[in-house]
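Below are the sequence and a predicted model for it; my questions follow.
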Amino acid sequence: MRLSAPSTLVFVISLVIAIVGLLVGTGMVVGISIASFWILAVAYVVLAAGCLMRGL
């Protein structure tokens, strides 16, 4: 399996999702009822998909 660098767009999307997860975890954002762990997990999956799929 060959890995490739994610595009800038995928990286930025993953970074934004991770920052939201961190803000939810620290209590700065209270409008989101999902656990911060799952938000961070989604950010990781998006980044991993960007590395595994060519052209994404």
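That came through fine.

tell me, what residue is most central in this protein?
Closest residue to the average C-alpha location of the chain: residue 43 at 1.6 Å, with Cα atoms, centre = their mean.

what pLDDT does that one get?
Looking at residue 43, its pLDDT is 97.

Hmm, it is touching residue 12, no?
No. Using Cβ atoms under 8 Å, residue 43 is not in contact with residue 12; the gap is 11.2 Å. No exception for glycine: its C-beta is placed from N, CA and C like everyone else's.

that older thread, could you look up the SS state of the residue nearest to the centre of the chain?
Classification of residue 43 using DSSP: H, G, I helix; E, B strand; the rest coil returns helix.

who's in contact with the closest residue to residue 21 other than its chain neighbours?
Spatial nearest neighbour of residue 21, chain neighbours left out: residue 39 (3.4 Å); criterion: Cβ to Cβ, 6 or more residues apart in numbering. Counting by Cβ atoms under 8 Å, 6 or more residues apart in numbering, residue 39 touches 17, 18, 20, 21, 24, 32.

I'd like the distance from the second one to residue 46, if you could.
Pointing back at residue 18 there. Between residue 18 and residue 46 the distance is 9 Å, computed by Cβ to Cβ, to the nearest Å.

May I have the longest helix anywhere in the chain as CSV, with CA atoms only?
Ranked by residue count under DSSP state H, the longest helix found in the chain is helix 8-26. The C-alpha coordinates for helix 8-26 follow below in CSV (Å, rounded to 0.1, in the frame of the first residue of the first chain):
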residue,chain,number,x,y,z
THR,A,8,-4.2,21.0,1.6
LEU,A,9,-8.0,21.1,1.7
VAL,A,10,-8.2,17.7,3.5
PHE,A,11,-5.6,18.7,5.9
VAL,A,12,-7.3,22.0,6.7
ILE,A,13,-10.7,20.3,7.1
SER,A,14,-9.1,17.7,9.5
LEU,A,15,-7.4,20.5,11.4
VAL,A,16,-10.7,22.5,11.8
ILE,A,17,-12.5,19.4,13.0
ALA,A,18,-9.7,18.6,15.5
ILE,A,19,-9.8,22.2,16.9
VAL,A,20,-13.6,22.0,17.3
GLY,A,21,-13.1,18.7,19.2
LEU,A,22,-10.5,20.3,21.5
LEU,A,23,-12.8,23.3,22.2
VAL,A,24,-15.7,20.9,23.0
GLY,A,25,-13.4,18.9,25.3
THR,A,26,-12.3,22.0,27.2
